[in-house]
Structure formats: structure tokens, C-alpha cells
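A.B. asks: give me a 3D structure for the following:
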Amino acid sequence: MDGGTDGEAARVPAGRASAADGARFAFGTLTVLPVRVGRWDRPAARAGMLWAPAAGLVAGGAAAAAGALLLCAGATPLLAAVATAAVPAVLTRGLHLDGLADTADGLGSGKPAEDALRIMKRSDIGPFGVITLLLALLAQVAAVSALYDESGARGALAVVLAGVTARLALTLACRTGVPPARPDGLGAAVAGAVPVRAAVAAALLGTGAAAAAGALFGPLGAAHHALAVLAALGAAHLLLRHCVRRFGGVTGDVFGALAETAATVALVALALG
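C.D. replies: Model prediction:
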């Protein structure tokens, strides 16, 4: 989530954004789906970031479908897990992974905020970014492989849940009071756009939905899935706080890092126990 928007998006006067405006904003900025962003203002950003978990549901569902097809074709859980991890990267043009790497480089540089932000804007990836990216992808593949080895249904549900939770972390990160680190870019457009109550309500709804889905595997399954969401959102919140303190606010790269962090923690938490 690093500023990839439709260049022809209309900048219209602020006004109440419809559900369709929000959906177009979310899917147009968070996926490669051919959705034109019709509005590029604060109301549309607010509605769009509340729709972000729906974009995650589509990405997670596509990833789960790819894994299921490979498992049905006789692939090993590891091979299916690799394909599963690749699908969200394709559907986001790798922007979230790129944001994770850039944020790691910025944080690891140890430089003042202005210099760290310049490092994050460079097109190359430094050693901190490479190591972080490698470890995150390995953790995701290992967790999904273990879940597929347990059962295809558990793995598929975990993948969908991780996709939703990753974007739910973005909704929470866009809440009022979280400042942008730069005056331009997608990060500035959505930072602080979501009212705190709406963000908290979205988190509670997402956690409740996870518990309901996990209940398919019994009461312990419901608790396990809800706790996985809470752990993922908690990890993303800690990273958000650190980035705001370190950079003075959030950027599109930071949002990408938050999404990948939440997805990884959710998958690892579900693979445990």
C-alpha cells in the first residue's frame, strides 16, 4: 500500500461517500483488480479503509482457493503453501511486501526520521529489508504448510482469516489521531481518516467473525481463532506505535508493513497449539 492509485481518480469536494465509493477505493488501492477509484477525498478514504477487510477477504479467498486446487491435484502441503503465499503478493503487486522491506530498512538504519524516510523511498532494498522479507515469507509458508498438513479446511480458513486480519490492521491504523509522516502519498490520504469508534467496531466485528468461523472446529477452535486475530492486531499496533515514534507518522510503506505483520502473526498463531 504505497501510493498505487488511479491517476484519473476524481478529486471532488468533500461529502458523504457511498458504500460503492468506499468499495471502489478499497479494491482500487489495495488490489490489482480493475476497479477505478472514482473519488479521492477524505470521505472516500474513510469509507474505503472501512471496506479494507473486504478486500482482504477476496485476497485471502483467492489464496485459499489456489492452495486447495493444488492439494486436490496431489501437491504436498509445502508446495501448496508456497502458492498460497504467492497469490496475495500478486493481487497487491507486491506492494505490502515492498512496504515491509522498506520499513525494515528505515527502522534498521538508525538514522533521523527525515533520512530514514528518504531511505524508504529508494527503489533498492537494503540488508534489513531482505532479511525481514525472507523471514516473513518463510514464517508464512511454514505456518500454512503446517496447517495444510493438519487439514485442508483448517489451512484454508487460516489463509482467509489472515487476509482479512491484515487489512483490518490497516483500518485500525487509519484511525483518528494517527498522523502521516509525509504530506503526500496514499499514507497521507488515509491517515487519521477513520473515526476511533468505527475502527474499534470493525476490529470487534472481525474478531467475532473469526470466532464464529473457528467454532466449526469446536469451542476451542473459536477461542483459538479469535485470539489469533487479537494477537495479530496487537503486533501490528506495536509496530504502528514504533513507526509513529520513529518516523513522526505513517506512510504507505508502513501500512504495507502493518498488513504483512498482521498476516504473519495470525498464521503463526493459528499454526500453534
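A.B. asks: this structure: helices as residue ranges?
C.D. replies: For the chain, helices defined by DSSP state H occupy the ranges 19-30, 42-50, 52-72, 77-91, 95-108, 113-121, 127-150, 152-173, 185-190, 196-214, 219-247, 252-271.
A.B. asks: which helices and strands does the third one pack with?
C.D. replies: Put plainly, it is helix 52-72. Judged by 3 or more Cβ pairs under 8 Å, 6 or more residues apart in numbering; DSSP states H and E, the packing partners of helix 52-72 are helix 19-30, helix 77-91, helix 127-150, helix 152-173. No exception for glycine: its C-beta is placed from N, CA and C like everyone else's.
A.B. asks: if we can go back for a sec, of all the helices of the chain, which one is nearest residue 36?
C.D. replies: helix 19-30 (6.4 Å; Cβ to Cβ).
A.B. asks: what's that closest one packed up against?
C.D. replies: Secondary elements touching helix 19-30 (3+ Cβ pairs under 8 Å, 6+ apart): helix 42-50, helix 52-72, helix 152-173.
A.B. asks: ok, back up a step: worst average pLDDT in the helices and strands packed on helix 52-72?
C.D. replies: Per-stretch mean pLDDT for these is lowest at helix 19-30 (a mean of 92).
A.B. asks: hey, which of the helices and strands packed on helix 52-72 is tucked in deepest?
C.D. replies: helix 152-173 (a mean of 27; mean count of other Cβ atoms under 10 Å).
A.B. asks: helices or strands up against that helix?
C.D. replies: If you count contacts as 3+ Cβ pairs under 8 Å, 6+ apart, helix 152-173 packs onto helix 19-30, helix 42-50, helix 52-72, helix 77-91, helix 127-150, helix 196-214, helix 219-247, helix 252-271.
A.B. asks: Serialize these to TSV and add fields for distance to residue 169.
C.D. replies: Below are these laid out as TSV (distance: least, Cβ to Cβ, whole Å):
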stretch	distance to residue 169
helix 19-30	12
helix 42-50	11
helix 52-72	9
helix 77-91	14
helix 127-150	14
helix 196-214	9
helix 219-247	4
helix 252-271	4
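A.B. asks: so which of those gets nearest residue 103?
C.D. replies: helix 252-271 (3.8 Å).
A.B. asks: next, the angle helix 152-173 makes with the closest one.
C.D. replies: Computed by axes from the mean of the first three to the mean of the last three Cα atoms, to 10 degrees, the angle separating helix 252-271 from helix 152-173 equals 140 degrees.
A.B. asks: name the nearest residue to residue 96, ignoring sequence neighbours.
C.D. replies: residue 256 (4.0 Å; Cβ to Cβ, 6 or more residues apart in numbering).
A.B. asks: number of nearby residues for that neighbour?
C.D. replies: By the criterion of other Cβ atoms under 10 Å, residue 256 has 26 neighbours.
A.B. asks: go through the helices and strands packed on helix 152-173 and name the closest to residue 186.
C.D. replies: Proximity to residue 186 (Cβ to Cβ) singles out helix 252-271 among the helices and strands packed on helix 152-173, at 4.6 Å.
A.B. asks: if anything else comes up later, I'll come back, but that's it for now.
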